[in-house]
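Engineer: got a predicted structure here, sequence first:
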Protein chains: 2
Amino acid sequence: MSKRPLILVTNDDGITAPGIRMLISIMRQIGDVIVVAPDSPQSGMGHAITVNATLHLENVNIDGKQPEYSCSGTPADCVKLAVREILDRKPDICVSGINHGSNSSINVIYSGTMSAAIEAGIEGIPAVGFSLLDYNWSANFKHCRSFVETITRQVLENGLSDGVVLNVNLPNIKEKEIKGIKVCRQARANWEEEFDKRTNPMGRDYYWLAGTFVNMDNGEDTDEWALANGYVSVVPVQFDLTAYREIQKLNTWKLN
Amino acid sequence: MSKRPLILVTNDDGITAPGIRMLISIMRQIGDVIVVAPDSPQSGMGHAITVNATLHLENVNIDGKQPEYSCSGTPADCVKLAVREILDRKPDICVSGINHGSNSSINVIYSGTMSAAIEAGIEGIPAVGFSLLDYNWSANFKHCRSFVETITRQVLENGLSDGVVLNVNLPNIKEKEIKGIKVCRQARANWEEEFDKRTNPMGRDYYWLAGTFVNMDNGEDTDEWALANGYVSVVPVQFDLTAYREIQKLNTWKLN
């Protein structure tokens, strides 16, 4: 690519989160950056869009180094607004994150970070969601830099197949302990939820969602295995959800 | 199945929506029904879960015919709460809907109706999301009855493969015009959004999301084709989002 690529940056932790500020600084080394991100944290929003409420968009100045817009909506809304209202041309890549916390295995389903990447993919924009396995706001993202840069440059160089975006997770270990980048499949895992039931001062019950992550997959080709063994995981993610192998089985049913 | 199946009913339009009341009445013919549904409409919520706020659950009496709970959370929250806090045993099936409006093709990504079915699928419960191609609150669901019943009974009889749930959409035409039930793949389609930009009385700009649905898929094996040609569409949906065919390609990249 001869001229500098146009890079759309978003996330789901909000435009001031340390993870997106690190991602912006990495992307400035690669191309021209524009930021459109939520004005507040949107974790657990899944692929939500704002259909029954209005959206606000503010041109904000955070570090003065690139154009930035904060949006009252979800990560998917940010991508839609960027493409339709802000950008003059389609960006060469959309990067989302770096998320404070894992989006590996089944978490991809609940992930606002990945919903932004998927929304970009639906728009035909190569897209990557990046997440660090550390939920803390004060997480250290320094060791992410070289891996995020390598993956982004490879996407710009090679492109992605139509209908595919990347889900990248980074282990929370020292840079020198990271063994490399590993292409993986999504591990079969789930959350065994427990609800913490409490009573409020007015005597009404309420619940907090809690739970334990359970990896039910022994495969060594999964993102969970890679992360547990010191690798950065890269899972190609598709948004054609059709379970093709089930179609034949369903055609044997007595439906008509 | 000798004894009556236990059926969990939920939706994303809220517990009082005509669509879920019809679904409940159909399910009462098939088994023992329990309802756990949002206390207000949740359309466009995608696969959101409530991680940073509390959840309320109320035992409500709407028609006195089955136990019902309204929940302050999302459709996915409803399924989690039902399984962990309300039910003594795993339900034999979870049905979600009947949604007021289409969840065909790419809409599956944004769908609260389908997120409830997927959440149930993650929990190992056979699950179906039903949607009618009519967004109106006063939509007529009568012609859905026999198709919804047939599909539900077939799921109970045959089961679904691990990791697969069904996305069922019903055309908004007269019952006698419906040609039958067709197993399909998800059509390749998207929304060409336009944002309706307005200025509020305080002079601040805001946006409404609008847009046009564009089917880019000429296949006659898609849900869009089936619905346009008078069929009820059934798409098997998976939540392993791995794009397996892309893995080989990514392994040729210079990642390490």
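Structural biologist: That came in fine, so what should we check first?
Engineer: where does pLDDT dip in the stretch 1-150 of chain A?
Structural biologist: For the stretch 1-150 of chain A, applying pLDDT under 70 flags the ranges A:1-2, A:43-47, A:52.
Engineer: so which bits of it are right by chain B?
Structural biologist: If contact is defined as CB under 8 Å from any CB of the partner chain, the residues of the stretch 1-150 of chain A in contact with chain B are A:41, A:43-52, A:54-57, A:74, A:76-77, A:80-81, A:83-85, A:106, A:108-110, A:115, A:118, A:122-123, A:150. Bear in mind the C-beta positions are built from the backbone N, C-alpha and C, glycine included.
Engineer: from the residues you listed, which land in strands?
Structural biologist: For those, membership in strands holds for residue A:57, with DSSP state E as the criterion.
Engineer: selecting buried members of the residues of the stretch 1-150 of chain A next to chain B in ChimeraX, what would you type?
Structural biologist: For the buried members of the residues of the stretch 1-150 of chain A next to chain B, the matching ChimeraX selection, counting by 16 or more other CB atoms under 10 Å in any protein chain shown, is:
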select /A:41,43,44,45,46,47,48,49,50,55,57,74,76,77,80,81,83,84,85,106,108,109,110,115,118,122,123,150
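Engineer: now intersect the residues of the stretch 1-150 of chain A next to chain B with the helices, please.
Structural biologist: In helices, judged by DSSP state H, the following of the residues of the stretch 1-150 of chain A next to chain B are found: A:76, A:77, A:80, A:81, A:115, A:118, A:122, A:150.
Engineer: leaving out sequence neighbours, find the closest residue to the third one.
Structural biologist: Setting aside the residues directly before and after it, residue A:80 is nearest to residue B:193 in space (CB to CB, 6 or more residues apart in numbering or on different chains), at 5.1 Å.
Engineer: ok, the second one next?
Structural biologist: Excluding the flanking residues, the one nearest residue A:77 by CB to CB, 6+ apart is residue A:50, at 5.2 Å.
Engineer: try the first one
Structural biologist: For residue A:76, the nearest residue in space outside its immediate sequence neighbours is residue A:119; the separation is 4.3 Å by CB to CB, 6+ apart.
Engineer: buried set for stretch A:218-234?
Structural biologist: Of the residues in stretch A:218-234, those buried under the neighbour-count criterion (16+ other CB under 10 Å) are A:222, A:223, A:224, A:225, A:226, A:227, A:231, A:232, A:233, A:234.
Engineer: same deal with stretch A:137-145?
Structural biologist: Of the residues in stretch A:137-145, those scored as buried under the neighbour-count criterion (16+ other CB under 10 Å) are A:139, A:141, A:143, A:144, A:145.
Engineer: roughly how far does residue A:22 sit from chain B?
Structural biologist: For residue A:22, the distance to chain B equals 20 Å [CB to the nearest CB, to the nearest Å].
Engineer: which residues sit against the host helix or strand of that residue?
Structural biologist: Using DSSP states H and E, residue A:22 maps to helix A:18-28. Outside of helix A:18-28, the residues within contact range by CB atoms under 8 Å, 6 or more residues apart in numbering or on different chains are A:7, A:9-11, A:13-14, A:33, A:35, A:37, A:62-63, A:65-66, A:95, A:97-100, A:130, A:132, A:137-139, A:141-142, A:144-145, A:148-149, A:152.
Engineer: mind putting the buried residues of stretch A:137-145 in a markdown table, secondary structure included?
Structural biologist: Putting the buried residues of stretch A:137-145 into a markdown table (DSSP: H, G, I helix; E, B strand; the rest coil) gives the following:
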| residue | secondary structure |
| --- | --- |
| A:139 | coil |
| A:141 | coil |
| A:143 | helix |
| A:144 | helix |
| A:145 | helix |
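Engineer: of all those, which two lie farthest apart?
Structural biologist: The span of those, defined through CB to CB, is set by A:139 and A:145 at 13.5 Å.
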